[in-house]
Each structure stands twice: as structure tokens, then as C-alpha cells.
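Colleague: Quick one, what's the 3D model for this:
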Amino acid sequence: MEFLVGTVLALAALALSWVALAWQKRGGTFKRIHYTAYYELLTIQRGDEAIDTLISGPISVNLEPSGERLVMPLVFELRLANTGKAPILQSDFSSPLTIRFGDLCNFMGGSMEVNRGTISEFFGENPFELGEGCLRIKPFLMNSGDEVTLSGILNGPVNDDGIEVSGRIAGVETFSRLKPKKDGIRGAMTLRSMIFERREEWPPPGRVEAQVFVTRKFLPLDDIAPGATEGHITTRLNGSPVRDMHLVAFTFECHSDASDDPGEGPITFETAASTFLDCEVELDGAELSTQRARHLVTWNGKKVTIRARRIRRDQELTVRFITEGGVEDLRVTRIPSSVTDVQMMRMEIVEDPLGRNLLDMQPAFLLFSQRAHRKFHRDMPRLKELARRSREIARRALHGD
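Modeller: As a prediction, this is how the structure comes out:
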């Protein structure tokens, strides 16, 4: 009998525990916090060379109004949510909530959004405190379903474990970290002829094959840290602020020796809305001195002249410009007989509407213009080769290799 009573009591206790747990998860005292964080280098170019350029090169990212140069500017976004069924009260905190970036990584500024009410209603006055490699938030009320999104600029490397959130809150055993989505910000590549209107008119390459590749130098700041373009962060070239900085790369591949055609001269490009600011010239992957480059390229703020006829068979000439503006109105004002067409490739950042996930980025070329898709099945072999060459040109233009 005693054994039976003991068994019944044990089963009752087990059932009561199960009911209590179920009650907590359905709306009792169950407390839970989830967070996810994304971060990436501000510049679209990748690798150690891009970081070295920001540290010692002519292009820099600066914090205003002090003008402080950021040696490793990162953009980040962190989302914190009460995913439990019970509110987390100020009295539940035994210490501030700590967002840790890295021992050598400093928070430089940004913006915060909440899904209910205003920032001051959510956090009160002066809720934030900067620490070494971290940002602390004073205790605040977080009701079930409340979300906080912090985005902005960091300077320096994030720890290997990424951005982490920690703190001691009554009833919360751990902060559950969600892995970021892998899609990131996407790059969309468009392709068109600068000479011909219709895809069917595009001719085979001439003696010299010409392409123009255009992309931003930096991620669009206002998508990540609203208000950052109003003066808190500047991008500079040789110390002078440059808004809407772009990379414009002209590439020329020579397929045969020069001819004696009198119409074979330089090719000229012009823009009215943008400005050419800085030039770098490579021949077969080797950077040319200023004196040698002048034999091939002359330019001013609005006009570029390239003597493509001077390159020999199997040579490749790449001319990279830093521009203010995206040269949307770029046009060919003089074309030699050796160049039959000029292909324009433009890469734009496609905004991610589900949280502006930051880059997991090698540039992904997702689409071409409608003209390029015309007669798709018939032209499949040529389009495949065109896509391969577009990716190769973009890689060389971005990374210089």
C-alpha cells in the first residue's frame, strides 16, 4: 500500500511539474530573450588590401565633427526581443545589459529603433554607457513582444565569437542567440550597350573590346544607420569629403594588332552630373607610373579620353576612377573604328526588406536587363559566356587582380 501511495504521489508531482511548465510557456512567468546581430566592413571591396587602403590609402572614413579617421569601419545591426510570455521588469535586472563587440572594437555611434512607443518612453533618460569594447544599457521595462533594434558604426575588429549580449536578469537563464540569415545584402548586376538600343543589334567585338563597370565604394549608410549621411560619418579622398563615392572602371582588351585606319583614335567618355576625382591605370595587371599613364589616359572632372589603340595584341588596359556620383548619365562622345561597342555593367545594392541583413558578400550577380534576357534560350551559350566575363571583369575591377 505504501508503495502504491508513493507511486501515485510521484506521478502526481510529475504531472503537476508538466502542467506548471506548460502553463509558464503558454503565458505564465516564462521569460526569454532572443537576439541576432549582423556586421560587415563598410567598404564593398573585401580583404586585407581593402582594410590597408582605409588605414593608409587616399580613401578614408571619418567620424564627424572631430574628423577622426576610422581604421576599420564596420556597419552593424543588432535586434533584441522579448520572445517570452512575461514582462521583464527593471527590478529583474541585477546589472546593466551589456552588448560586447570586441576588445579592440569601439562603438562610434548609430541609431536605435523600438517597435512600440518612443526611445525615451522605452529606456528613460541617458540609458547608455560606453565601456571598453562594449555598450551598456541601464535596466528598462521590456514587455512580451517588445523589440529593440540598434544599428550603427564600429571601429576595429569584432571578436571571433561575434557581437554578444549578456546580463543577469531574474528568470532568464540565457540569452538565446539566433544565427543571422545567409542572404545578406544582395548585389544586382545590369548590363547594357552604350551604343545600341536593342540586344539584337549588339555586334561582335572589334579589335579592342571595351567595358565600363560601375559600383559604389561603400554601403549606403542611411540604409544601416539612419541619419548617418547628415554629417556624422564622411567618406573622404585625400582628406576632402566625397559624397556618394563610386568606383568606375574602364577595361579594354586588344584582340589584334593596330591598323592604319585613319578613324582609329582615342575613345572619349563624358558626364555632366558626376565628377572624376582620382585615376589609377594598370596594363596587364601592373600599375603604371603617372608619366606612363598619361600616354594612355587624359582626364578632367567631367571627361575621360583613353588611347586604346596604343595597347598591343593580347594586352589588357584597366583604368579605375573614384567618382563623386554614379555616372548615370555617362555617354560615349567619340568612338574609334577599332571599338565596335561598349558594354556598361552596373552593380547596385538590393535592399533586404526583412531586416536589412548586412553582407555575407561576395558580390552576387542576380539579374540582367530585359534586353539581355531577350531571346534567352536561343542565345544561351553566348549569355553564359557574357555572364562569366561580367563576373570576371567585376572581380578585377573591385579587387585589382
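Colleague: which outside residues touch whichever helix or strand Phe213 is part of?
Modeller: Per DSSP states H and E: Phe213 is located in strand 208-216. With C-beta atoms under 8 Å, 6 or more residues apart in numbering as the test, strand 208-216 has contacts from 44, 187, 194, 244-255, 267, 269, 308-309, 311, 326-327, 330, 336, 338-339, 341-349, 363, 393-394, 397-398. Glycine gets a C-beta too; all of them are placed from N, C-alpha and C.
Colleague: repeat that for 6 Å
Modeller: Identification of contacts with strand 208-216 by C-beta atoms under 6 Å, 6 or more residues apart in numbering yields 44, 246-254, 308, 338-339, 342-347, 393-394, 397.
Colleague: Next, give phi and psi for Asp52.
Modeller: phi -60, psi -40 (degrees, to the nearest 10).
Colleague: Any figure for the gap between it and Thr36?
Modeller: 31 Å (C-beta to C-beta, to the nearest Å).
Colleague: For these two, work out which one has more neighbours and name it.
Modeller: Thr36 (19 against 11; other C-beta atoms under 10 Å).
Colleague: Pull up the pairing partners for the strand or helix carrying that one, direction included.
Modeller: Using DSSP H and E, Thr36 sits within strand 33-41. Looking at strand 33-41 with DSSP bridges, its partner strands are strand 73-82 (antiparallel), strand 175-177 (parallel).
Colleague: Pro204: which of these is closest?
Modeller: strand 73-82 (43.0 Å; C-beta to C-beta).
Colleague: pLDDT on the closest one, on average?
Modeller: Averaging pLDDT along strand 73-82 gives 85.
Colleague: for stretch 249-267, same thing?
Modeller: For stretch 249-267, the mean pLDDT works out to 80.
Colleague: Tell me which residues of the strand holding Thr36 come out buried.
Modeller: Buried residues in strand 33-41, counted by 16 or more other C-beta atoms under 10 Å: Ile33, His34, Tyr35, Thr36, Ala37, Tyr38, Tyr39, Glu40, Leu41.
Colleague: Distance of Ala329 relative to Val281?
Modeller: Just to correct that, residue 329 is Asp rather than Ala. Taking C-beta to C-beta, one finds Asp329 at 24 Å from Val281.
Colleague: can you pull up the bridge partners for the nearest residue to Asn300 once chain neighbours are set aside?
Modeller: With sequence-adjacent residues excluded and distances taken as C-beta to C-beta, 6 or more residues apart in numbering, Asn300 is closest to Phe276, at 7.3 Å. Per DSSP bridges, the residues bridged to Phe276 are Thr323.
Colleague: related to what we said a few turns ago, can you tell me the strand partners of the strand holding Phe213 and which way each runs?
Modeller: In the sheet, strand 208-216 lines up with strand 245-254 (antiparallel), strand 342-350 (parallel) (DSSP bridges).
Colleague: Give me whichever of the ones you listed is most buried.
Modeller: Highest mean neighbour count of the strands paired with strand 208-216: strand 245-254, a mean of 21 (counted as mean count of other C-beta atoms under 10 Å).
Colleague: Now do that strand: everything it contacts.
Modeller: With C-beta under 6 Å, 6+ apart, strand 245-254 has contacts from 208-217, 235, 308, 311, 313, 315-321, 323, 326-327, 393, 397.
Colleague: picking that back up, nearest to Ser60, out of the strands paired with strand 208-216?
Modeller: Counting by C-beta to C-beta, and looking across all of the strands paired with strand 208-216, nearest comes strand 245-254 at 10.8 Å.
Colleague: May I have the helix or strand that that closest one is followed by as CSV, with CA atoms only?
Modeller: As assigned by DSSP H and E, the chain's next helix or strand after strand 245-254 is strand 267-270. Only the C-alpha atoms of strand 267-270 are listed here, as CSV (Å, rounded to 0.1, in the frame of the first residue of the first chain):
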residue,chain,number,x,y,z
ILE,A,267,37.7,56.9,-77.2
THR,A,268,36.1,59.6,-75.1
PHE,A,269,33.5,59.4,-72.3
GLU,A,270,31.7,62.4,-70.7
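Colleague: How far off centre is strand 267-270?
Modeller: What separates the centre of strand 267-270 from the centre of its chain is 30 Å, taken as C-alpha atoms, centre = their mean, to the nearest Å.
Colleague: name the helices or strands packed onto it?
Modeller: strand 303-306, strand 331-334 (3 or more C-beta pairs under 6 Å, 6 or more residues apart in numbering; DSSP states H and E).
Colleague: Could you export those strands to TSV, including columns for mean neighbour count and mean pLDDT?
Modeller: Below are the helices and strands packed on strand 267-270 laid out as TSV (neighbours: other C-beta atoms under 10 Å; pLDDT from 0 to 100):
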stretch	mean neighbour count	mean pLDDT
strand 303-306	19	96
strand 331-334	13	95
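Colleague: want to try TSV for the ones you listed, with distance to Lys138 as columns?
Modeller: Formatted as TSV, the helices and strands packed on strand 267-270 follow (distance: least, C-beta to C-beta, whole Å):
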stretch	distance to Lys138
strand 303-306	55
strand 331-334	57
